[in-house]
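> What follows is a predicted structure for the sequence shown.
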Amino acid sequence: MDRLVAMRQFATVVETGSFSAAARRLNMGQPAVSKAIANLEEYLGVRLLTRTTRAQHLTEAGQRYYERARIVLDEADEAEAAAREAALSLAGRLRLAAPSTFAALHLLPRLHEFLDAHPGLTIDLVLDDRWIDLIEEGVDLAIRLGQPSDSSLVARKLMTSQRMLVASAGYLERHGEPGRPEDLLAHRIVAYSQFEGPTAWSFQQGTASVSVAVQPTLRVSAAEGMRSCILSELGIGMGSALMFTPELAAGTVRPVLAEWHLPSLDVWAMLPSGRKATRRARVFVDWIEGVLKSGSA
């Protein structure tokens with residue numbers, strides 16, 4: 001058995017979610033892929049996948065094997081790239097996680113530049129506002145907003161964005177603009193759904209500080225939901241320049257209480273610890289940092 005080939009076949013089944021999809025990616029017949037996985041399980045003496053008529057799922061042993069096999073495959077891709085002296089071009093697979101709204105506004109519009117520069121690269125893009133487990137999800141690199149809380153990850157700050165209260169121009173024309181933080185109590189407030197009960201927003205102006213416990217009228221579970229509520233003139237929400245970059249530039253969304261400052265929002269690149277970051281991940285981090293710093297967010 002070619003163990004590296006078997007690892008790649010198994011990883012492809014896991015990542016595509018089915019034997020048929022893996023067969024198409026590997027340019028093999030589905031029975032050949034099934035037999036290859038069965039041979040691998042026989043060689044290892046352990047069941048890697050549990051199969052049903054509709055899907056297959058990793059066993060505990062399969063999850064452990066996949067995590068380590070993915071490391072081996074990534075290192076093999078790096079070795080091949082180095083052997084070909086592909087110093088300026090990346091090859092292989094980069095699995096990247098990012099918040100959906102951030103990706104839509106700041107990553108996807110420019111991603112073609114990175115792919116054009118590295119035609120041998122493929123990207124698996126995981127769009128999720130949750131702070132997913134990088135190791136469990138097999139992610140090489142995650143873009144995250146806010147202060148990192150997981151000390152087991154390697155963090156690199158990419159930029160700092162201004163956090164602000166925002167509302168659509170239409171909402172402010174109909175309901176008026178608050179002049180002081182306390183005036184927010186008379187307005188409709190949009191917040192994330194994980195906030196329970198009154199939400200305290202703290203403001204700073206010079207040496208003065210004010211905290212207002214607002215009661216959200218709407219709670220949403222994702223940043224894109226927040227954007228939609230604000231753009232639909234449903235109230236005032238806490239966002240950032242990153243979240244409303246085009247609308248702030250066009251004037252369709254306006255800052256509220258702009259003379260009062262909120263804590264800033266940091267953007268981080270997060271890498272799994274315990275193994276060397278791939279060159280693909282390092283080069284991507286350098287690239288996205290340049291993209292963000294060249295923008296106006």
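Yes, it's here.
> how close does residue 154 get to residue 161?
21 Å (CB to CB, to the nearest Å). The C-beta positions use only the backbone N, C-alpha and C, and glycine is treated the same way.
> Comparing those two, which residue is more hemmed in?
residue 161 (21 against 12; other CB atoms under 10 Å).
> partner residues bridging that one?
With DSSP bridges applied, residue 161 shows beta-bridge pairing to residue 265.
> and residue 166, that's in a strand?
Yes - per DSSP: H, G, I helix; E, B strand; the rest coil, residue 166 lies within a strand segment.
> what number of residues lie near it?
Neighbours of residue 166 using other CB under 10 Å come to 27.
> likewise residue 108?
13.
> packing partners for the one helix or strand it maps to?
Assessed by DSSP states H and E, residue 108 sits inside helix 108-117. Under the contact criterion of 3 or more CB pairs under 8 Å, 6 or more residues apart in numbering; DSSP states H and E, helix 108-117 touches strand 120-127, helix 279-294.
> which outside residues touch the next helix or strand after the shortest one?
Think strand 120-127. Once the chain leaves strand 120-127, the next helix or strand it forms, by DSSP H and E, is helix 134-137. Residues outside helix 134-137 that contact it (CB atoms under 8 Å, 6 or more residues apart in numbering): 63, 67, 95, 97, 126, 142, 153, 270, 271, 272.
> same deal with stretch 166-183?
Against stretch 166-183 from outside (CB under 8 Å, 6+ apart): 184, 186-188, 201, 203, 210, 212, 230-239, 244, 247-248, 251-257, 260.
> Show me the strands in the stretch 1-150 of the chain, by range?
49-51, 56-58, 91-98, 120-127, 141-145 (DSSP state E, counting those that start in this stretch).
> which of those sits most buried?
By mean neighbour count, with neighbours taken as mean count of other CB atoms under 10 Å, strand 141-145 ranks first of the strands of the stretch 1-150 of the chain at a mean of 23.
> In the record's domain split, what are the boundaries for this protein?
1-85, 90-159+264-297, 163-263 (automatic domain parsing).
> Need the distance between the two termini of the last one.
Right, the one you point to is domain 163-263. Start-to-end span of domain 163-263 (CA to CA, to the nearest Å) is 6 Å.
> For the stretch 1-150 of the chain, give me the ranges with low pLDDT.
1, 53-54, 81-89, 149-150 (pLDDT under 70).
> Alright, calling it a day.
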